[in-house]
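Engineer: one predicted model, sequence on top.
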Amino acid sequence: MPFDPPEVLVTREVDRRVEEFVRQLIEQRIDPTRTPINWEEFREQQRAPAVETVKCMLVLDEIARRENLTVGDADIDAQIAEYAESANQSPDAVRHRLEHEGAISRIYAGLRREKAIEFALSHATILEV
């Protein structure tokens with residue numbers, strides 16, 4: 001895709017990737033502050049994949065906008081129920097935590113992008129080369 005995504009979105013995606021990696025280290029009982037990781041180099045390595053991720057998200061958001069794809073409360077409730085089941089928690093507890101973290105909008109955006117992917121695939125002509 002021949003466009004440069006907004007730098008602020010790329011920076012946010014790099015931050016998200018670094019945070020996810022730190023969470024994985026912590027889950028493995030590894031102290032991220034004591035690992036011999038060059039964090040600036042790690043961030044730089046995440047930049048190219050972050051640019052591609054942001055480009056894809058922007059394209060999917062545009063498809064969803066143009067096609068008026070929406071996510072309903074039932075869709076969000078179903079996603080929260082999945083999270084709750086995998087976390088062995090009640091849906092109400094998970095919803096409360098997600099609302100507190102401001103994550104409901106991320107769930108909405110993710111589900112809307114999934115619908116955009118489904119829409120694009122259902123209208124695509126796949127050619128074998």
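Structural biologist: Thanks, I have the structure now.

Engineer: tell me the mean pLDDT over stretch 44-60?
Structural biologist: Averaged across stretch 44-60, pLDDT comes to 96.

Engineer: give me the phi and psi for Val54.
Structural biologist: Main-chain dihedrals, Val54, degrees, to the nearest 10: phi -60, psi -40.

Engineer: just give the nearest non-adjacent residue to it, would you?
Structural biologist: Distance criterion Cβ to Cβ, 6 or more residues apart in numbering; nearest residue to Val54, sequence neighbours excluded, is Pro5 at 4.2 Å. In short, each C-beta sits where N, CA and C put it, glycine included.

Engineer: list the residues that contact the one you found.
Structural biologist: For Pro5, the set of contacting residues under the criterion of Cβ atoms under 8 Å, 6 or more residues apart in numbering consists of 51, 54-55, 58.

Engineer: secondary structure class for it?
Structural biologist: Assigned by DSSP: H, G, I helix; E, B strand; the rest coil, the conformation of Pro5 is coil.
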